Structure formats: structure tokens, C-alpha cells
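In: 3D model of this:
(chains A and B)
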Amino acid sequence: MRPRVRSAARTVLAWAVRGRQEQGTVWGEAVLGEFEETSGAWEAVRWTASGLRVALRARLIGLFATRSRRLVAAVALAIVAAFAVNWLAVGLAYIPSTSMEPTLRAGDRILTDKITYRWTGLHRGDVVVFSLPADRRYATFANGEPIRFIKRVVGLPGDSITCRDGRVYRDGVPLAEPYEPAGSRTECAQVTVPAGSLYVLGDDRTISRDSRDFGTVPIHDVSARLVTRIGPLSGPPG
Amino acid sequence: MPRRPDTSPQTLRVFAALLLDAQDWHYGYGLAKLTGLAPGTLYPILARLVARDLVETRWEPSSHPGRPPRHLYRLTADGRELARARTAPATAPSPRLAT
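Out: Below you'll find the predicted structure:
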């Protein structure tokens, strides 16, 4: 057991120092050259753990990098990290239309979460970003580019959605919808939401194109959930 | 506030260790033991001192065939002077260090 720990520590350090090269940087080699002086598994592991900092820094930015080089490296790393986070975890998007008014206004910027809803599941009332399967009506713009929608989840799989007297009913119960514009009316046809799908509506029922027009949305076409509205970056207030 | 260079406690420990045998070459592992510093702290300090010609280095082939060579460090004349100046007790000891 112990010799194997030492040998693993040696392998990791050698890899960090040399990568696929025959020879690493001066300071990486200096740390590696002392590895055999350590005694026991514990000291070997500690030598490697701390030596990794030296080896990787020497390889990536130089061990005694000047302040400006370090700054460049930090900024480059931050940009890469921002892109990765934006791609994987959170998104900034721009609201081009008024169909979610008054919750979201045209010109608002929003922060979206692309991950956690996959673990927690979606709930009624969540606002989600999605696109439609390519064969659906309204799936693409005239130029063929997919349209991304942002709508509110009104029905989950198994829910029965219908409208009466301008109000939405879910499983026979009229919904309280405080997010709607005052005095708005909703007209819709009765639907039972199929498994794996969502029934979505825009908050401004008079102009929104939503499940009343294009039917229920497959859950796997959802790409993000709204976290918060950031507001317009510039432009007139309100 | 600009800090006086080469006065961090870690750097002072490295100076003190190198001054123990000021004319002799030191191994990195030995310096790590003497100073109690982890390699991640020790080597960047050595690298800065080498870059400023306060410490000189050489490589020594390992006594065991197949093992990588070892890197050795020694204070230069300038380095000895600075190390002695930095590690010398201050003429008016600061109250924090007075015991």
C-alpha cells in the first residue's frame, strides 16, 4: 500500500512537471529532483501536493512571472471561466418582445440558470426558456434560425388545462394569476398535458404565442429557467 | 503601501537557512526541512532570489542511476550581504518582536 502511494505521488508530480515532454521547466525539475529525498508516503504526498503548484505555475505562466504577466493570465483565465459558466451554468439573455409583460419587459436583460432545474425539476409558475421541435409551427424564424421562447409553466404532465370566462382552470380549479396584466382574459382549448411535456403561457395573454398556438412543449427542449430580471442596461426608465 | 522587499517571514527563513553554511551548496529538500516551508512556498522564493542574482544554482547528477538530477542553491556575494542585513536583529527591536 505505502509504496504504491509513493509511486502514485511520484507519477503525478512527474506528469505535472513534464507533461509529455522529456524535460520539464527548471523549477519543476528542481522539485521533482528532490522527491526521492522524502521519506514515507505522507511526506511524499505532501511534497507532490505543494510541488504541483510550482510545477504547474512554472509551466503555465512562469514561476516568477511579472505582475503584468500574472494579470494577463488572470484576465485570460477569468474570460475562459466566464464563457464556461455562461455556456454551462448561467446565462444572460435579452428579452426582445412584450409577450411576458408585465413580468419581463422588452429590452430587459435576464439571468437564467441552465443546471439546477434538471435536479430539482420544474414547477408550476416557473419561467422557462425553450425552443420548439423543428417541425412545429413557430419553431423557426423565416431565415430558419430557431426561435427561443420564454414563457411561464402553467401545466405539468397530467394536468388538465382549460379556460372558462377568460380564466385558466387547472384540474377544474381557477388559477390565481397575479403576474397577468390587469383585466386580461385568456381563451384556450382544453388540453391534458402529456408525459414529458409542459403547458406554457406568456403573461400577456392577448399577444403571447404559446401553448395555445403551438401545443405543449417537450421538457427536454427547455434550456434554462429564469432566475431574475436584471433590467435594461440602458434606455428609458420604466 | 510599498512593502520593503525580502522581509516576509518566509523569505527571512530561507535567508537564515542559506546562511547556516553560507559558502556551501544547499539542496531544496534540506532547505524545506530547515525552513519548514512547503515546496509550493519555498521554490517561488528561491526563483525570485535567483532571478535577482542573490542566489546561484547548479545541477548535480543523482547518485542513483535513473533518478533525476538535483538542483542546488548557494548565496552569491550580493545575496550573503543582503541576507545578513535582513536577518540581523534590528538595532531598535520592535516591541512586537521583543521578548
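In: which ones are touching the most far-flung residue of chain A relative to its centre?
Out: The C-alpha centroid of chain A is most remote from A:Glu37, which lies 46.8 Å away (CA atoms, centre = their mean). By CB atoms under 8 Å, 6 or more residues apart in numbering or on different chains, A:Glu37 lies in contact with B:Tyr27, B:Tyr29. All C-beta atoms are positioned from the backbone trio N, CA, C, and that covers glycine.
In: and the spatially closest residue to A:Gln190 that is not a sequence neighbour, helix, strand or coil?
Out: Nearest residue to A:Gln190, sequence neighbours excluded (CB to CB, 6 or more residues apart in numbering or on different chains): A:Thr162, at 4.0 Å. Here A:Thr162 is strand, with the state taken from DSSP: H, G, I helix; E, B strand; the rest coil.
In: what do you get for A:Arg152?
Out: A:Arg152 ends up strand, using three-state DSSP.
In: ok, it - how many residues close by?
Out: Per other CB atoms under 10 Å in any protein chain shown, the neighbour tally for A:Arg152 reads 23.
In: repeat that for the one 3 residues further on.
Out: Using other CB under 10 Å as the criterion, A:Gly155 is surrounded by 23 other residues.
In: which parts of chain B are helices?
Out: B:9-20, B:28-35, B:39-51, B:77-87 (DSSP state H).
In: check which helices and strands the last one sits against.
Out: If I follow you right, that is helix B:77-87. Contact analysis of helix B:77-87 by 3 or more CB pairs under 8 Å, 6 or more residues apart in numbering or on different chains; DSSP states H and E lists helix B:9-20 as its packing neighbours.
In: what do you get for the second one?
Out: In this structure, helix B:28-35 makes packing contacts with helix A:26-33, helix B:9-20, helix B:39-51, strand B:70-75, judged by 3+ CB pairs under 8 Å, 6+ apart.
In: could you redo the last one with a cut-off of 10 Å?
Out: On a contact count with 3 or more CB pairs under 10 Å, 6 or more residues apart in numbering or on different chains; DSSP states H and E, helix B:28-35 meets helix A:26-33, helix A:40-60, helix B:9-20, helix B:39-51, strand B:70-75.
In: reformat the ones you listed as CSV; add mean pLDDT.
Out: Formatted as CSV, those follow (pLDDT from 0 to 100):
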stretch, mean pLDDT
helix A:26-33, 92
helix A:40-60, 90
helix B:9-20, 93
helix B:39-51, 93
strand B:70-75, 95
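In: per-residue confidence at A:Thr11?
Out: With respect to pLDDT, A:Thr11 scores 94.
In: what sits against it?
Out: Residues in contact with A:Thr11 (CB atoms under 10 Å, 6 or more residues apart in numbering or on different chains) are A:Thr48.
In: what is the neighbour count of A:Gly183?
Out: By the criterion of other CB under 10 Å, A:Gly183 has 6 neighbours.
In: swap in A:Arg20?
Out: Neighbours of A:Arg20 (other CB under 10 Å): 5.
In: quick one: low-confidence residue ranges for chain A.
Out: Low-confidence segments of chain A, defined by pLDDT under 70: A:1, A:62-66, A:233-238.
In: quick one: the helices in chain A?
Out: Taking DSSP H as the criterion, chain A carries its helices at A:2-18, A:26-33, A:40-60, A:67-88, A:116-120, A:211-214.
In: show me the contact partners of the last one.
Out: Think helix A:211-214. Residues outside helix A:211-214 that contact it (CB under 10 Å, 6+ apart) are A:132-133, A:136-139, A:149, A:151, A:153-155, A:161, A:163, A:186-189, A:191, A:193, A:197-202, A:205, A:217.
In: go on, the fifth one?
Out: For helix A:116-120, the external contacting residues (CB under 10 Å, 6+ apart) are A:Ala89, A:Val90, A:Asp113, A:His123, A:Asp126, A:Val128, A:Ile219, A:Val222, A:Ser223, A:Ala224, A:Arg225, A:Val227.
In: show me what contacts the first one?
Out: What that stands for is A:Ala89. So A:Ala89 contacts A:Thr112, A:Asp113, A:Lys114, A:Ile115, A:Thr116, A:Ala224 (CB under 10 Å, 6+ apart).
In: thinking again about what came up before, kindly reformat the helices of chain B as CSV containing distance to A:Arg69 and mean neighbour count.
Out: Converted to CSV, the helices of chain B look like this (distance: least, CB to CB, whole Å; neighbours: other CB atoms under 10 Å in any protein chain shown):
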stretch, distance to A:Arg69, mean neighbour count
helix B:9-20, 21, 18
helix B:28-35, 24, 20
helix B:39-51, 13, 22
helix B:77-87, 25, 16
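In: alright, calling it a day.
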